[in-house]
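1. build me a model:
(chains A and B)
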Amino acid sequence: DAGVIQSPRHEVTEMGQEVTLRCKPISGHDYLFWYRQTMMRGLELLIYFNNNVPIDDSGMPEDRFSAKMPNASFSTLKIQPSEPRDSAVYFCASSLTPFTGLSSPLHFGNGTRLTVT
Amino acid sequence: AQSVAQPEDQVNVAEGNPLTVKCTYSVSGNPYLFWYVQYPNRGLQFLLKYITGDNLVKGSYGFEAEFNKSQTSFHLKKPSALVSDSALYFCAVRRSQGNLIFGKGTKLSVKP
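-> Sure thing, here's the model as predicted:
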């Protein structure tokens, strides 16, 4: 089991550029979560999917953020245009039904550290 | 509204001494509580969970947590700390909607 795989590990970009973060969940997991971690705000849930369908995107900060899950093995989080305040570590996590940790914990990827200058 | 608080930003312990990392929660109904650990440049890893049953829950790497309903606490403990336990520890509670809310995290530093 390779675990949750995120790419890239580090991304440095200039303000105004488009950024795409990628995630491959653990095979067979049908819940996928995107989190953002900053010193100021801690770990925030941005959006989560069940069977590739977005269930709750209330944590997405602005319309500049969008997420997709075209199939069970791939998801993207896109920021367009990026801003310096988007600098953070973005984590993807997946879990197996039933939902969220009661019988199966969340499995996190190693994150993407995004720096927007 | 459900919430979780970790009152200490950092805990310092000498190797071999017992450690406690504190967590308090606020939920309506029965709480589902979790502890995760994060090592540098890594994602969070599951340590243990409380769903129901015994108030003392045992988890990975020798850690345990004590659920106290009257004090609404779920403190993480280990009888003898190791230098390798140094990491960031997160307490989490399950929301009624099903997803987890994480605390701000507590940095544990174990000195030799």
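
2. contacts and neighbour counts: CA atoms only from here.
-> OK.

3. what's the nearest residue to residue B:75 if we skip its chain neighbours?
-> In this structure, residue B:75 finds its nearest non-sequential neighbour in residue B:22, 4.5 Å apart by CA to CA, 6 or more residues apart in numbering or on different chains.

4. show me the shaky parts of the chain.
-> The chain I'm using is chain A. For chain A, residues meeting the criterion pLDDT under 70 lie at A:1, A:97-104.

5. can you look at chain B instead?
-> In chain B, residues with pLDDT under 70: B:96-98.

6. and chain A, is stretch B:99-112 touching that?
-> Yes - contact of stretch B:99-112 with chain A (CA under 8 Å from any CA of the partner chain) involves B:99-105.

7. residue numbers of chain A in contact with chain B?
-> Residues of chain A lying near chain B (CA under 8 Å from any CA): A:41-45, A:91, A:99-100, A:102, A:105-111.

8. mind checking which helix or strand residue B:93 is in?
-> strand B:87-94 (DSSP states H and E).

9. ok now that strand, how far from the chain's centre?
-> Distance of strand B:87-94 from its chain centroid, counting by CA atoms, centre = their mean, to the nearest Å, is 5 Å.

10. do stretch B:42-55 as well
-> Distance, centroid of stretch B:42-55 to centroid of chain: 8 Å (CA atoms, centre = their mean).

11. same question for stretch A:15-28.
-> Relative to its parent chain, stretch A:15-28 has a centroid offset of 7 Å by CA atoms, centre = their mean.

12. is chain A within reach of the helix or strand hosting residue B:45?
-> Per DSSP H and E, residue B:45 falls inside strand B:44-50. Yes - using CA under 8 Å from any CA, we find that strand B:44-50 touches chain A at B:44-46.

13. about what we covered before: make a markdown table from the residues of stretch B:99-112 next to chain A and add neighbour count to it.
-> Output for those, formatted as a markdown table (neighbours: other CA atoms under 10 Å in any protein chain shown):
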| residue | neighbour count |
| --- | --- |
| B:99 | 17 |
| B:100 | 22 |
| B:101 | 20 |
| B:102 | 23 |
| B:103 | 24 |
| B:104 | 25 |
| B:105 | 26 |
